[in-house]
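Asker: Provide a 3D model corresponding to the input given below.
(one chain, ligands or ions: 1)
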Amino acid sequence: MSTPKINTPNGKPFKFGAFRVKQHAIGLLNMLYTSNELAEAFETDRRVILERWIGAGLPYTKDDHGRYWFSGREVEAWVKVVSARSEKRHVPEGTIWCNKCKKHVKPNDTRTGEKRRLTYLRATCPQCGRPIARVTGSKGAAW
Ligand SMILES: [Zn+2]
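Answerer: Sure, this is the predicted structure:
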(Lines give C-alpha, C1' and ligand atoms only; values in the text may rest on other atoms or scores of the structure.)
Protein backbone atom coordinates (compact mmCIF):
# COMPACT_ATOMS: atom_id res chain seq x y z
CA MET A 1 0.00 0.00 0.00
CA SER A 2 1.18 3.46 -0.76
CA THR A 3 0.04 5.24 2.39
CA PRO A 4 -0.21 4.00 5.95
CA LYS A 5 -3.71 3.41 7.23
CA ILE A 6 -5.16 3.59 10.67
CA ASN A 7 -8.63 2.63 11.72
CA THR A 8 -11.05 5.38 12.60
CA PRO A 9 -13.61 5.00 15.41
CA ASN A 10 -16.31 4.38 12.80
CA GLY A 11 -14.32 1.49 11.40
CA LYS A 12 -13.43 3.02 8.04
CA PRO A 13 -9.78 2.79 7.07
CA PHE A 14 -8.11 6.16 7.21
CA LYS A 15 -5.38 6.85 4.68
CA PHE A 16 -2.78 9.08 6.14
CA GLY A 17 0.04 10.52 4.04
CA ALA A 18 2.29 10.66 7.08
CA PHE A 19 5.35 11.79 5.19
CA ARG A 20 3.69 14.83 3.61
CA VAL A 21 1.47 15.76 6.52
CA LYS A 22 4.38 15.78 8.95
CA GLN A 23 6.25 18.37 6.96
CA HIS A 24 3.23 20.65 7.01
CA ALA A 25 2.62 20.16 10.72
CA ILE A 26 6.05 21.54 11.49
CA GLY A 27 4.98 24.83 9.94
CA LEU A 28 1.86 25.33 12.05
CA LEU A 29 1.75 28.32 14.36
CA ASN A 30 0.65 28.49 17.96
CA MET A 31 -2.76 29.92 17.08
CA LEU A 32 -6.32 28.84 16.32
CA TYR A 33 -7.05 27.77 12.77
CA THR A 34 -10.41 27.60 11.03
CA SER A 35 -11.11 24.45 9.03
CA ASN A 36 -10.47 26.40 5.83
CA GLU A 37 -7.11 27.66 7.05
CA LEU A 38 -6.08 24.23 8.24
CA ALA A 39 -7.14 22.69 4.92
CA GLU A 40 -5.02 25.28 3.15
CA ALA A 41 -2.01 24.63 5.39
CA PHE A 42 -2.18 20.91 4.63
CA GLU A 43 -3.10 21.40 0.99
CA THR A 44 -6.16 19.26 1.40
CA ASP A 45 -9.92 19.65 1.27
CA ARG A 46 -11.85 21.11 4.19
CA ARG A 47 -14.13 18.06 4.16
CA VAL A 48 -11.15 15.74 4.62
CA ILE A 49 -10.37 17.53 7.85
CA LEU A 50 -13.95 17.77 9.11
CA GLU A 51 -15.00 14.26 8.17
CA ARG A 52 -11.91 12.08 8.20
CA TRP A 53 -9.34 13.71 10.46
CA ILE A 54 -11.81 14.54 13.23
CA GLY A 55 -13.13 10.99 12.90
CA ALA A 56 -9.55 9.83 13.44
CA GLY A 57 -9.20 11.88 16.62
CA LEU A 58 -8.03 15.31 15.50
CA PRO A 59 -8.58 17.67 18.48
CA TYR A 60 -10.91 20.62 17.90
CA THR A 61 -13.23 23.05 19.62
CA LYS A 62 -16.61 24.22 18.37
CA ASP A 63 -17.94 27.70 19.04
CA ASP A 64 -21.54 28.90 19.54
CA HIS A 65 -21.96 29.36 15.81
CA GLY A 66 -21.00 25.77 15.05
CA ARG A 67 -17.62 26.76 13.66
CA TYR A 68 -14.67 24.46 14.20
CA TRP A 69 -11.39 25.75 15.59
CA PHE A 70 -8.10 23.91 15.65
CA SER A 71 -5.12 24.74 17.81
CA GLY A 72 -1.88 24.62 15.83
CA ARG A 73 -0.04 23.04 18.74
CA GLU A 74 -2.68 20.40 19.31
CA VAL A 75 -2.86 19.53 15.63
CA GLU A 76 0.92 19.21 15.56
CA ALA A 77 0.90 16.86 18.55
CA TRP A 78 -1.86 14.78 17.01
CA VAL A 79 -0.07 14.49 13.67
CA LYS A 80 3.06 13.38 15.48
CA VAL A 81 1.24 10.63 17.36
CA VAL A 82 -0.73 9.38 14.36
CA SER A 83 2.30 9.45 12.07
CA ALA A 84 4.45 7.57 14.56
CA ARG A 85 1.73 5.00 15.06
CA SER A 86 1.18 4.37 11.36
CA GLU A 87 4.90 4.28 10.59
CA LYS A 88 5.60 1.79 13.33
CA ARG A 89 2.87 -0.46 12.06
CA HIS A 90 3.55 -0.28 8.36
CA VAL A 91 7.21 0.41 7.63
CA PRO A 92 9.46 -2.60 8.17
CA GLU A 93 12.78 -1.77 9.80
CA GLY A 94 15.55 -0.82 7.38
CA THR A 95 13.28 -0.46 4.39
CA ILE A 96 12.11 2.45 2.27
CA TRP A 97 8.93 2.69 0.27
CA CYS A 98 9.43 2.74 -3.48
CA ASN A 99 6.66 4.53 -5.33
CA LYS A 100 7.52 2.84 -8.60
CA CYS A 101 7.63 -0.72 -7.29
CA LYS A 102 4.71 -0.07 -4.89
CA LYS A 103 6.39 -1.83 -2.00
CA HIS A 104 9.01 -1.52 0.72
CA VAL A 105 12.49 -2.33 -0.49
CA LYS A 106 15.75 -2.88 1.35
CA PRO A 107 18.37 -0.59 -0.22
CA ASN A 108 22.13 -1.25 -0.10
CA ASP A 109 23.37 2.30 -0.54
CA THR A 110 21.68 4.41 2.12
CA ARG A 111 23.02 7.84 2.93
CA THR A 112 21.60 10.60 5.07
CA GLY A 113 20.49 13.97 3.78
CA GLU A 114 19.01 17.12 5.19
CA LYS A 115 16.39 19.49 3.87
CA ARG A 116 14.85 22.34 5.81
CA ARG A 117 14.46 20.95 9.31
CA LEU A 118 14.11 17.30 8.38
CA THR A 119 16.69 14.57 8.08
CA TYR A 120 16.27 11.99 5.36
CA LEU A 121 17.56 8.59 4.50
CA ARG A 122 18.26 8.51 0.79
CA ALA A 123 18.98 5.50 -1.35
CA THR A 124 18.46 3.87 -4.71
CA CYS A 125 15.78 1.25 -5.15
CA PRO A 126 17.58 -2.08 -5.68
CA GLN A 127 14.80 -3.25 -7.97
CA CYS A 128 14.05 -0.35 -10.30
CA GLY A 129 17.04 1.93 -9.71
CA ARG A 130 14.98 4.99 -8.84
CA PRO A 131 15.96 7.36 -6.04
CA ILE A 132 13.95 6.76 -2.88
CA ALA A 133 13.90 8.43 0.52
CA ARG A 134 12.20 8.50 3.88
CA VAL A 135 12.13 10.98 6.73
CA THR A 136 14.09 9.78 9.72
CA GLY A 137 13.81 12.74 12.02
CA SER A 138 13.42 16.43 12.50
CA LYS A 139 15.08 19.13 14.51
CA GLY A 140 14.03 22.52 15.65
CA ALA A 141 11.76 24.01 18.28
CA ALA A 142 8.50 22.66 16.94
CA TRP A 143 9.26 19.05 17.77
ZN1 LIG B 1 11.66 0.53 -7.04
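
Asker: hey, let's count contacts and neighbours off CA atoms from now on
Answerer: Fine.

Asker: counting contacts, what elements does the strand or helix carrying Trp97 pack onto?
Answerer: Per DSSP states H and E: Trp97 is located in strand 96-98. Applying 3 or more C-alpha pairs under 8 Å, 6 or more residues apart in numbering; DSSP states H and E, we find strand 96-98 packed against strand 103-105, strand 131-138.

Asker: quick one: name whatever helix or strand follows the shortest one.
Answerer: Downstream of strand 103-105, the next assigned helix or strand under DSSP H and E is strand 111-115.

Asker: pull out the buried positions in the next helix or strand after that next one.
Answerer: Using DSSP H and E, the helix or strand that follows strand 111-115 in sequence is strand 118-124. The neighbour-count check on strand 118-124 (16 or more other C-alpha atoms under 10 Å) flags Leu118, Thr119, Tyr120, Leu121, Arg122, Ala123, Thr124 as buried.

Asker: any chance of those residues in JSON lines, with distance to Glu37 and pLDDT too?
Answerer: Output for the buried residues of strand 118-124, formatted as JSON lines (distance: C-alpha to C-alpha, whole Å; pLDDT from 0 to 100):
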{"residue": "Leu118", "distance to Glu37": "24", "pLDDT": "78"}
{"residue": "Thr119", "distance to Glu37": "27", "pLDDT": "82"}
{"residue": "Tyr120", "distance to Glu37": "28", "pLDDT": "86"}
{"residue": "Leu121", "distance to Glu37": "31", "pLDDT": "88"}
{"residue": "Arg122", "distance to Glu37": "32", "pLDDT": "92"}
{"residue": "Ala123", "distance to Glu37": "35", "pLDDT": "94"}
{"residue": "Thr124", "distance to Glu37": "37", "pLDDT": "95"}
